[in-house]
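Enquirer: starting from these lines, generate the structure:
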Amino acid sequence: MEAAVGKDAAPAALDLLELVELAWHDCYGEITPGDQVIEDILTCTQGDLTRMIGVCRLAVESWRDLRVAADGIRSGR
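Expert: Alright, predicted model coming up:
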């Protein structure tokens with residue numbers, strides 16, 4: 001997590017991911033989002049904890065839209 005958002009923001013980012021897990025369970029009935037969803041979250045966060053908040057919301061609301069956004073970043077679009 002330190003590599004994704006920096007050492008100072010890492011504890012808050014981990015707390016945020018824990019909230020995503022709780023919401024994911026409530027919305028999808030699965031214990032946790034898959035590894036690809038977590039990877040997409042970290043890709044779209046682009047090192048910014050504030051951005052990560054919106055990205056995590058998007059992950060729970062529409063993981064498919066998150067995937068499209070992450071793929072766009074990965075491809076340089």
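
Enquirer: how much space between residue 63 and residue 35?
Expert: Distance of residue 63 to residue 35, given as Cβ to Cβ, to the nearest Å: 12 Å. For glycine as for every other residue, the C-beta is placed from the backbone atoms N, C-alpha and C.

Enquirer: next one: residue 42
Expert: Remark: distance between residue 42 and residue 35 (Cβ to Cβ) = 11 Å.

Enquirer: higher neighbour count, these two?
Expert: Per other Cβ atoms under 10 Å, whichever of residue 42 and residue 35 has more neighbours is residue 42, with 19 against 8.

Enquirer: so which elements touch the lengthiest helix in the chain?
Expert: For the chain, the helix that runs over the most residues, judged by DSSP state H, is helix 10-28. Counting contacts by 3 or more Cβ pairs under 8 Å, 6 or more residues apart in numbering; DSSP states H and E, helix 10-28 packs against helix 2-5, helix 35-45, helix 49-61.
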